[in-house]
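Predicted model and sequence below, questions to follow.
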Amino acid sequence: MERDPSEQDPTEEPDAAGETLEESVDTTEIARQGDVLPTILHIIPVWERPFFPGQGMPILLEGERWLKTIEAIGETGHHMAGLLLARGEEGGDLSTDTAYEVGCVARVHEPGQRQGVVRFIAQGIERFRIVEWLSTELPLVARVEYPEIATPSDEELRAYGMAISTTLKELIPLNPVYSEELKLFLGRFGLGEPGPFADFAAAITTATKEELQAVLETFPLVERMERVLGLLKKELEVAKLHAKIRDSVQEQMTEQQRRFFLKEQLKEIQKELGISKDDKTAELERFSKRLDGLTLPEQAQTRVDEEMEKLSVLDVGSPEYGVTRNYLDWLTQLPWGVTSEDRFDLKEARAILDRDHEGLDDVKERILELLAVGAHKGEIAGSILLLVGPPGVGKTSIARSVAEAVGRKMYHFSLGGMRDEAEIKGHRRTYIGAMPGKLIHAMKEVEVANPVIVLDEIDKVGASYQGDPASALLEVLDPEQNCDFLDHYLDVRIDLSQVLFICTANQLDTIPRPLLDRMEVIHLAGYITREKVAIAKNHLWPRTLEKVGLKRGDLRITDAALRELVDGYAREAGVRALEKQLGRIARKAVVALLDGTKAPIRIARGGLEPYLGKQRFHTEQPQRGVGVVTGLAWTPMGGVTLDVEAARVHGKQRGFKLTGKLGEVMQESASIAYSFVAGHAESLGVEADYFDDAFLHLHVPEGATPKDGPSAGVTMATALLSLARNKKIARPLAMTGELTLTGQVLPVGGIREKVIAARRVRIHELILPEANRGDVEELPDHITEGLTVHFASTYAEVAAIAFMPRKRGAKRGR
């Protein structure tokens with residue numbers, strides 16, 4: 001290749017400064033292999049792929065940055081530029097750090113500028129290597145060299161050429177683009193020119209720019225053809241895979257189209273023969289078939305007939321068709337007149353309840369009464385039960401046992417957090433996507449008109465701008481109204497009178513009074529230690545072992561350890577915390593067995609700490625002293641004991657202070673207690689002037705726990721009386737009751753929970769209101785066993801009992 005000995009210095013001023021971009025570059029001269037190549041070139045970057053000799057294609061550049069470079073190229077006599085691949089993203093700056101050393105010299109044809117973009121056609125001529133950068137600012141200029149390429153033997157070239165040619169022949173049928181590229185190449189070169197042929201083969205592949213740059217930088221011809229052959233082989237594999245995927249997709253589409261056409265033809269043939277019906281007719285027949293054997297009320301039958309007549313005249317593609325079809329779909333899936341047969345075997349029902357639950361005798365008796373009445377009448381209807389108790393005492397599981405005992409299907413859903421009345425009464429059919437309420441969903445799912453429906457967490461129903469679900473439940477839970485329940489979506493009366501509704505709640509305070517009046521309330525108190533141990537032994541422990549895949553012989557826990565577990569780690573009213581602790585023990589035991597510990601693992605009393613850590617609860621010792629009295633309180637989590645403390649701050653002025661985060665009702669009880677004791681000081685054995693100059697402070701621990709309710713009145717009065725008389729209660733004693741200004745002791749609620757709380761802290765002597773005597777007498781014997789219960793109707797009786805000497809040997813009585 002000849003070199004230009006008289007290369008113009010790119011720093012000289014051009015003579016044709018006034019020419020246009022097209023005039024400055026001769027667009028008619030075609031580059032030839034024997035052209036004189038300059039050793040000083042203006043450099044233009046390319047980012048996507050390197051440019052190869054023999055390649056011709058348009059180049060686009062940002063006009064504002066590269067216009068001067070194109071003009072400078074046009075002012076040279078050779079109109080050639082160096083195309084150099086740049087590292088990084090397109091549009092970046094070309095520098096000595098980002099540019100590769102080897103590029104392709106190309107002649108610039110037909111330069112032009114339009115809409116801020118410079119465009120020209122580049123014709124690749126020869127490889128070059130950067131020797132020295134003459135200018136690193138735009139326009140970029142470099143001194144280059146053209147390495148000599150040794151000519152190898154004809155046998156090697158022919159062998160590689162045939163391999164490349166064979167691979168191209170395999171590629172051409174897979175992609176027609178390769179055929180067009182080959183035609184353009186053969187128009188300028190021949191297959192006997194190995195250098196351009198190798199560059200052409202590399203340029204048509206989809207290899208990465210780094211792989212193509214490696215080909216460009218390979219000057220030895222045999223080595224270059226070897227690299228190109230590797231790229232072509234890879235391209236052939238990709239093309240074959242692409243063709244295989246394309247053929248597979250095409251085959252699937254063709255098969256689907258064929259099946260579609262055959263189905264359509266079959267439909268038409270069946271229609272002509274009268275052995276097939278269209279979709280609309282099939283839907284109408286399906287709805288009619290569903291109604292066979294059902295007993296629809298007259299109103300519902302009329303509505304079904306009207307809707308089916310309307311469906312028969314609607315076009316299948318109209319929106320109204322879909323709405324009517326969905327409506328009939330719901331209406332015909334309800335169990336009109338279909339009921340399951342009730343089971344009234346009281347002996348079997350008792351066995352089921354005893355099998356699933358320990359204790360709860362009063363609850364079981366009420367359920368058996370319900371079944372007995374049903375057996376006598378021949379049906380169970382109009383019964384709405386409300387099970388109230390702390391979390392984890394078995395409210396939902398009792399409902400499940402009732403359904404099994406009666407032999408009915410059960411549907412359960414939670415009302416907690418429900419804020420939209422449409423969840424109960426359905427959406428009106430005024431928009432697409434309307435649906436019936438939960439009760440219609442229940443009837444459809446259970447497929448009978450007399451299921452057991454469990455409404456969980458009825459005390460946690462909310463209200464919002466979308467309505468009040470609690471008000472919507474008034475119609476559902478009223479035996480006088482639910483025989484004609486109206487769902488907004490169906491707009492047809494539904495009989496819910498045969499449904500046995502069982503509701504659950506943790507407390508009654510948040511249930512609206514009209515709704516509460518419609519239900520029969522059954523209280524479930526917390527379990528005592530003995531009941532919890534029995535539940536753990538007979539129910540929770542076998543279930544826990546089954547969950548972790550252990551057998552009874554692999555892990556054993558003694559009754560003493562269960563009792564320690566209940567007292568020290570799971571003292572809540574329910575048994576959920578107890579089940580969680582048993583699960584922790586079982587999981588740690590599984591780990592120990594997998595680590596090599598031999599079975600069986602035995603856990604006895606005192607052996608829980610390695611599994612559960614330190615005890616969460618410790619045996620509470622009620623405080624004793626002047627001004628300290630133990631009271632009993634009820635919470636949604638069960639009963640608790642409260643130590644009410646009274647102290648005299650100073651004797652300078654009269655005053656009374658309350659602490660302990662007390663609610664309004666409890667503050668009023670404290671004020672009543674203070675006023676009563678101060679007003680009846682002499683009759684209660686207190687100096688008449690004690691309260692005249694005494695500043696008293698009443699505190700109810702724990703200070704961070706909110707407390708409210710009237711049942712601490714007698715406890716507060718007794719604490720103040722103990723302080724004023726400077727006399728403490730010398731024996732373990734707890735009390736509860738509401739106090740009036742006249743000294744009357746009024747009844748309070750939660751007696752069972754409070755008695756259980758007293759037993760938990762080993763207090764066996766109680767003072768309760770006289771009006772609560774009936775509540776105590778209804779308690780099971782195992783709860784009142786060993787208790788001494790005093791009943792008082794006036795505070796004078798409370799004071800006499802509280803400060804009397806301890807009587808030993810008393811078991812229970814007044």
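It's in.

quick check, residue 110 in a strand?
Yes - judged by DSSP: H, G, I helix; E, B strand; the rest coil, residue 110 forms part of a strand.

Any idea how many residues pack against it?
Look at residue 110: counted by other Cβ atoms under 10 Å, it has 13 neighbours. For every residue, glycine as well, the C-beta is placed using N, CA and C.

what's near enough to touch residue 605?
558, 560, 561, 563, 564 (Cβ atoms under 8 Å, 6 or more residues apart in numbering).

which residues of the stretch 401-550 of the chain fall in helices?
Along the stretch 401-550 of the chain, the stretches classed as helices by DSSP state H, counting those that start in this stretch are 422-425, 438-446, 469-476, 513-516, 529-535, 541-548.

Ramachandran angles for the closest residue in space to residue 373 that isn't next to it in sequence?
Sequence neighbours aside, residue 380 is the residue nearest to residue 373 in space, at 7.7 Å (criterion: Cβ to Cβ, 6 or more residues apart in numbering). Main-chain dihedrals, residue 380, degrees, to the nearest 10: phi -110, psi 110.

my guess is residue 380 contacts residue 343, does it?
No - taking contacts as Cβ atoms under 8 Å, residue 380 lies outside contact range of residue 343: 10.2 Å.

So for those two, which sits in the more crowded spot?
residue 380 (21 against 16).

mind checking which of the helices of the stretch 401-550 of the chain is nearest residue 747?
Across the helices of the stretch 401-550 of the chain, residue 747 has its closest neighbour in helix 513-516 (18.9 Å, Cβ to Cβ).

So which residues make contact with that closest one?
So helix 513-516 is in contact with 386, 458, 470, 473, 474, 477, 508, going by Cβ under 8 Å, 6+ apart.

Repeat that for stretch 156-166.
With Cβ under 8 Å, 6+ apart, stretch 156-166 has contacts from 191, 194, 197, 198, 201, 221, 222, 225, 226, 228, 229, 232.

Can you check which residues contact both of residue 380 and residue 343?
With Cβ under 8 Å, 6+ apart as the test, residue 380 and residue 343 both reach residue 406.

Show me the shaky parts of the stretch 301-450 of the chain.
For the stretch 301-450 of the chain, applying pLDDT under 70 flags the ranges 382.

Could you pull out the strands in it for me?
Secondary structure of the stretch 301-450 of the chain (DSSP state E, counting those that start in this stretch): strands at 384-388, 410-414.

a markdown table for the contacts of helix 513-516, including neighbour count?
Output for the contacts of helix 513-516, formatted as a markdown table (neighbours: other Cβ atoms under 10 Å):
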| residue | neighbour count |
| --- | --- |
| 386 | 24 |
| 458 | 27 |
| 470 | 21 |
| 473 | 27 |
| 474 | 16 |
| 477 | 22 |
| 508 | 16 |
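
Return the closest of these with respect to residue 280.
residue 473 (39.3 Å).

pLDDT wise, what is that closest one at?
Residue 473 carries a pLDDT value of 86.

That one touches residue 463, doesn't it?
No - using Cβ under 8 Å as the test, residue 473 is too far from residue 463 to be in contact (11.9 Å).

hey, which helix or strand in this protein has the poorest pLDDT?
Within the chain, confidence by mean pLDDT, DSSP states H and E is lowest for helix 176-186 among all helices and strands, at a mean of 65.

same question for the very next helix or strand once past that helix, mean pLDDT?
Per DSSP states H and E, the first helix or strand lying C-terminal to helix 176-186 is helix 194-203. The pLDDT scores in helix 194-203 average 81.

May I see the buried residues of the following helix or strand past helix 194-203?
Toward the C-terminus, helix 194-203 is succeeded by helix 209-216 as the next helix or strand (DSSP H and E). By neighbour count with 16 or more other Cβ atoms under 10 Å, helix 209-216 contains the buried residues 209, 211, 212, 213, 214, 215, 216.
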